[in-house]
Each structure stands twice: as C-alpha cells, then as structure tokens.
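Peer 1: what follows is a predicted structure for the sequence shown.
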Amino acid sequence: GENVEQHPSTLSVQEGDSAVIKCTYSDSASNYFPWYKQELGKRPQLIIDIRSNVGEKKDQRIAVTLNKTAKHFSLHITETQPEDSAVYFCAASWTGANNLFFGTGTRLTVIP
Amino acid sequence: DTGVSQDPRHKITKRGQNVTFRCDPISEHNRLYWYRQTLGQGPEFLTYFQNEAQLEKSRLLSDRFSAERPKGSFSTLEIQRTEQGDSAMYLCASSLAGAGGTYEQYFGPGTRLTVT
C-alpha cells in the first residue's frame, strides 16, 4: 500500500514569514494529493489539493507543488498569520482508491 | 449546518462495554468513510461505503468492529467488547464519487472515545 512521509514534525515561524511542509509518497500510481489543516479539537479541514496533471496550484497565501518524478509534494504558506497555527496533514490517493493515506502531520506554530 | 456531523462528540466507556457512533454525511454525498486517529498521527482508514454497500474494510477493522449504512444516508460504527487500545478519535468523512475518479473528502468533527 501507499506510504506517505511528512517533514518536519514541528515548525515554528515568525509571523509574516513563509512555511514549507514536505511530503513524499511511495506508490507511483498516486495521483491525488490533498492537504488538511486540523486545529486543536476540530475536524481536519481540506485547504488545498492537487492532481497529478498539474505541477503547482495556488489559492491566495497557500500553494502546493508536485514533483511526480521524485514522488514528493509540498505545501507553501506565505505571509503566515497566527491563525495559521495548526497541525497540517498531507495525504495521497489514486483514481479508484477508496481511502486517503495520510502523513503523520506537521505542527505549525506562527509566533506573533 | 450542511457539513458532516457526528454523534456523540465524546464517549467514555469501561473496558468490555459496547459503543455505537453515528455519522451523518453531506446530504448529496454517496461515499462515506470511517477513519481512526490517535494522538500525534494522521487519520487511518477503517472502512467505506458507496451508498448502502460496504465495499472495503481495512485490516485495522477487527471482528469487534462493525459498520452499517442501512439506507445509504447516515452510518453507524459499533465497537463490541471495547479495549483500552480502542481509545482514539473516530472520524467520519464523505465525498461525492463518480466516473471521474477521486473526489474531495470532507470530515466530521469526530467522536473521541476513551476506554477506561
């Protein structure tokens, strides 16, 4: 099955700086890569996703890049704000798969 | 609220008791998933339904676990003879799946189970 690794496990940045979280996956068949944000005690919230037919996708301050050859994808948050503090999970799946395979999460702390 | 809802939000039970959780998906979604999340880990897949049919079960889903989605709408997850190792957050997600492939999964708030 798919194995998703995520780094770093914790990340602290100053407000206004950028944050980058990286994930690698093992199954070359994977073609769907969502990112979830989970605040303490709350549900995982889908914030952005990318499919393998594109290399980059942006939505305001967040962007995701995908390198299919190297089997890794990254989340980029620019101009970080304290409300960006949360645990971020990457995941991978493929067409016809019935579940998402999640990374172990990155706890992001934005220091005001 | 048109999102995924789960009930109860918290459940404390004694080892050996049975518990049942409920999930109400987004109304037009035909797929419903159950995941388990332990502290410091990402969600792990347990099982999923397409309409009322349970189509896949993870090896994590022991014989003590059973899930139903009788009318293709809400779903229940029952754990029999609970063990301390069952303590976790149980998350439900739903999606709209079609011929196009994988679709976005939206999660509920979860049921936190504590087995004492």
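Peer 2: Great, that's in hand.
Peer 1: show me the shaky parts of chain A.
Peer 2: Residue ranges of chain A with pLDDT under 70: A:96.
Peer 1: hang on, I meant chain B
Peer 2: In chain B (pLDDT under 70), the answer is B:1, B:99-102.
Peer 1: residue of it closest to chain A, please.
Peer 2: Closest to chain A within chain B is residue B:42: 2.9 Å, counting by Cβ to the nearest Cβ. Every residue, glycine included, has its C-beta placed from N, CA and C.
Peer 1: how about that residue: what's its closest non-neighbour residue?
Peer 2: residue A:102 (2.9 Å; Cβ to Cβ, 6 or more residues apart in numbering or on different chains).
Peer 1: how many neighbouring residues does that neighbour have?
Peer 2: Each residue near residue A:102 was counted by other Cβ atoms under 10 Å in any protein chain shown, and the total is 25.
Peer 1: next: residue A:47.
Peer 2: By the criterion of other Cβ under 10 Å, residue A:47 has 17 neighbours.
Peer 1: do the same with residue A:41
Peer 2: By other Cβ under 10 Å, neighbour count at residue A:41 equals 10.
Peer 1: ok, now residue A:40?
Peer 2: Using other Cβ under 10 Å, residue A:40 has 8 neighbouring residues.
Peer 1: OK, contacts around it?
Peer 2: Listed by Cβ atoms under 8 Å, 6 or more residues apart in numbering or on different chains, the contact partners of residue A:40 are residue A:86.
Peer 1: for it, phi and psi?
Peer 2: phi -60, psi 120 (degrees, to the nearest 10).
Peer 1: ok, it to residue A:87 distance?
Peer 2: The spacing between residue A:40 and residue A:87, counted by Cβ to Cβ, to the nearest Å, is 8 Å.
Peer 1: ok, residue A:68 - contacts?
Peer 2: Contacts of residue A:68 (Cβ under 8 Å, 6+ apart): A:28, A:52.
Peer 1: who in chain B is up against chain A?
Peer 2: Residues of chain B found near chain A (Cβ under 8 Å from any Cβ of the partner chain) are B:4, B:33, B:35, B:40-45, B:48, B:55-56, B:58, B:91, B:101-102, B:104-110.
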